[in-house]
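Colleague: Pasting a predicted model and its sequence here:
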Amino acid sequence: MAATNTNVATGVDDRVLATAQQIVKSLNTPKEVREDMLLILSNFDNRLSSIGSMINSDNTSNIENDRLDAAEKVILRWDPNSDVPRPSLNWEDSPDEAAEYLSAVDDILRLVEDLSIGSESIKIVGRAENAIQMAMCRLESEFRHILIQSTVPLDADRLYGSIRRVHLSFASHYSEIDDEFESFGEESRNSGRFHERGATIGEDSWVDLIHPDAAVDLSEIADRMIRSGYEKECVQVYSTVRRDALDECLAILGVERLSIEEVQKSDWKFLDEKMKKWIQAVKITVRLILVGEKRLCDQIFNGANESQEICFNETAKGCVMQLLNFGEAVAIGKRSPEKLFRILDMYDALAGVLPHLEAMVSDEFLISEVHGVLSGLGEAATGTFVEFENAILSENSKKAMQNADIHPLIRYVMNYVRLLVDYSKTMNSLLEDEEEQDMPNEKDNDDILQLESKSPLARRLFMLLSSLESNLVEKSKFYEDVSMQFIFLMNNILYIVKKVKDSELAQLLGDNWLRRRSGQIRQYETSYLRASWSKVLSCLKDEGIGGSPSNASKVALKEKFKNFNASFEEICRVQTAWKVSDTQLRDELIISVSEKVIPAYRSFLGRFRNQLESGRHSGKYIKYTPEDLENSLSDLFEGSLAVSHHLRRKST
């Protein structure tokens with residue numbers, strides 16, 4: 001009986017519901033009115049409440065379908081596979097339609113978020129996902145197209161023109177180094193004529209890599225792709241396009257893809273040029289291009305930090321690794337002295353941009369690679385410096401300078417070390433961990449005591465110059481004439497002293513070092529005067545003339561004057577061909593000789609002149625006046641092979 005009652009009740013409910021639905025459907029009323037009536041009916045009896053839910057569900061599905069239809073229509077208009085007519089204008093030339101397209105994508109994304117779970121919702125979600133997939137293909141294509149087309153053309157002038165040049169450090173001494181020390185081989189002679197440390201780039205420098213307006217469009221597209229779950233595709237497109245663009249920048253800067261073998265087989269002239277371009281390219285790439293690239297990533301992927309980071313790392317990695325490959329090839333290449341300054345420039349350039357790279361790049365592998373190449377360049381620099389030291393120590397050319405002038409080895413070494421001082425900070429940091437070498441044994445330990453508190457580079461240069469001085473002493477022995485040995489030593493030690501005084505070497509080596517070398521020059525001058533002019537001056541002494549000036553032997557006097565004339569003429573003939581390049585030293589030597597010879601000759605001539613002038617052929621013995629001698633001495637050390645014109649004129 002209870003079951004029968006239940007069935008009757010159910011039947012009644014069904015009829016009531018059916019009747020209510022029929023009433024609502026039969027009413028030709030607006031949507032709002034229908035909804036109000038349904039609300040009244042549902043409140044009238046709780047048995048009618050399900051009717052409202054059913055009708056609302058139907059209406060919601062209709063609304064969602066309408067929204068999806070409208071969005072799909074916009075997306076299909078841009079689908080190349082669709083039969084729907086497409087706009088005649090392209091994306092960047094159709095800002096209104098582009099905005100409409102993006103809005104359609106937004107509508108679909110919101111629609112998916114708003115959908116409740118149900119059979120009808122599943123169908124709509126499926127359609128929505130298909131529309132999103134279609135839209136993403138289009139957006140990916142547009143993203144790539146805009147990214148490529150909006151790239152700002154760059155050339156070398158524009159890149160270099162973007163640098164704020166604070167200074168170009170100095171022109172090189174390479175021309176002197178190359179021309180004057182041939183024993184270091186063909187590579188040294190063929191090295192570059194100028195050496196530049198390169199331009200300094202301002203902290204706030206960058207270049208626009210794409211047209212600014214395009215960044216806004218790219219950001220809009222990237223935002224939709226990321227929100228649609230197509231972040232990976234967006235990042236891949238960006239990284240691929242921008243990597244190619246940065247590769248072109250390196251090509252513009254003259255950085256080629258060279259293998260390690262190609263670098264190591266290159267001649268010095270070619271390699272030197274590539275090293276100079278690399279140095280500038282490192283600065284420009286990191287401080288201008290990558291800074292611009294970082295700003296671009298920030299603009300396009302604003303708010304999407306992970307995408308922003310991945311894109312920049314992937315984009316930067318390509319060009320940075322290409323630069324590092326060349327740096328590594330140089331670091332492991334053959335070491336020779338002429339490469340040192342370029343290697344130091346490379347080291348300084350990479351060390352200078354490292355903090356900027358570390359601040360921008362989060363890829364630990366890439367940063368570790370930079371540190372590795374930097375370390376390799378540092379080792380190459382110290383190793384090359386050792387090669388230079390060894391080359392000086394082992395230099396044993398036997399050829400003497402014909403006129404006792406400055407030896408090419410001295411010019412080469414002093415110009416080299418003067419240039420090296422400009423890298424003191426870098427060299428000191430690189431040499432700090434080097435094993436200290438023993439100081440040379442010298443009688444005077446003042447230099448050694450002073451250098452104990454000096455920098456690593458100062459100590460190494462001290463030892464180098466000490467070896468150079470020892471080398472000079474050995475080379476001086478190639479001259480048979482002892483006087484010429486002292487002129488050679490004076491010329492070369494003075495050259496060293498002047499090069500030290502005129503540079504920061506003076507501060508590195510100290511006043512005591514300079515005083516000792518200046519003292520050496522004075523000692524060599526004294527030794528020269530003794531070796532050259534003692535014989536001449538002995539002719540002007542009273543010994544052997546056989547009595548007092550009034551009764552001196554004329555024969556002895558004639559012999560005295562004859563020997564003096566011969567000795568004086570021979571010295572002037574020989575030493576006029578000797579070369580003293582430094583004007584002040586030459587004048588000092590001539591004055592020193594004159595102060596010894598002229599007064600002695602004037603005194604001797606004054607005491608014994610009368611005895612000879614009264615006889616026949618006195619002019620044969622008394623050939624010169626003191627003034628004649630003084631004029632003749634003024635021709636000394638001119639480096640001319642001709643006999644003194646003063647002596648020649650007097651003889652005739």
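Modeller: Cool, got the structure.

Colleague: Is Glu387 within a helix or a strand, and which one?
Modeller: helix 364-394 (DSSP states H and E).

Colleague: Mind giving me the packing neighbours of that helix?
Modeller: Judged by 3 or more C-beta pairs under 8 Å, 6 or more residues apart in numbering; DSSP states H and E, helix 364-394 is in contact with helix 305-331, helix 340-360, helix 408-421, helix 424-431, helix 456-476. Every C-beta, even on glycine, is put in place using the N, C-alpha and C of the backbone.

Colleague: Give me the angle between it and helix 456-476.
Modeller: Interaxial angle, helix 364-394 versus helix 456-476 (axes from the mean of the first three to the mean of the last three C-alpha atoms, to 10 degrees): 30 degrees.

Colleague: now helix 364-394, how far from the chain's geometric center?
Modeller: When distances are taken as C-alpha atoms, centre = their mean, to the nearest Å, helix 364-394 is centred 14 Å away from the chain's centroid.

Colleague: Only the buried residues of it, if you could.
Modeller: Neighbour-count burial for helix 364-394 flags 366, 369-370, 373-374, 376-382, 384-385, 387-389, 391-392 (criterion: 16 or more other C-beta atoms under 10 Å).

Colleague: again with stretch 529-539
Modeller: Leu529, Ala531, Ser532, Trp533, Val536, Leu537, Cys539.

Colleague: average pLDDT for stretch 391-408?
Modeller: Averaged across stretch 391-408, pLDDT comes to 88.

Colleague: Counting neighbours, which bits of that stretch end up buried?
Modeller: The neighbour-count check on stretch 391-408 (16+ other C-beta under 10 Å) flags Ala391, Ile392, Glu395, Ala400, Met401, Asn403, Ala404, Asp405, Ile406, His407, Pro408 as buried.

Colleague: and the residues you listed, which two are the farthest apart?
Modeller: Spanning the widest gap among the buried residues of stretch 391-408 are Ala391 and Asn403, at 25.5 Å by C-beta to C-beta.

Colleague: where does the stretch 101-250 of the chain have low pLDDT?
Modeller: 116-121, 158, 160-207 (pLDDT under 70).

Colleague: mind listing the helices in it by residue range?
Modeller: 119-149, 156-161, 174-180, 186-189, 212-227, 231-252 (DSSP state H, counting those that start in this stretch).

Colleague: Make JSON lines from those helices and add mean neighbour count to it.
Modeller: Output for these, formatted as JSON lines (neighbours: other C-beta atoms under 10 Å):
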{"stretch": "helix 119-149", "mean neighbour count": "17"}
{"stretch": "helix 156-161", "mean neighbour count": "13"}
{"stretch": "helix 174-180", "mean neighbour count": "18"}
{"stretch": "helix 186-189", "mean neighbour count": "16"}
{"stretch": "helix 212-227", "mean neighbour count": "19"}
{"stretch": "helix 231-252", "mean neighbour count": "19"}
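
Colleague: got a markdown table for those helices, with distance to Glu474 too?
Modeller: Compiled in a markdown table, these are given as follows (distance: least, C-beta to C-beta, whole Å):
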| stretch | distance to Glu474 |
| --- | --- |
| helix 119-149 | 68 |
| helix 156-161 | 49 |
| helix 174-180 | 19 |
| helix 186-189 | 22 |
| helix 212-227 | 69 |
| helix 231-252 | 50 |
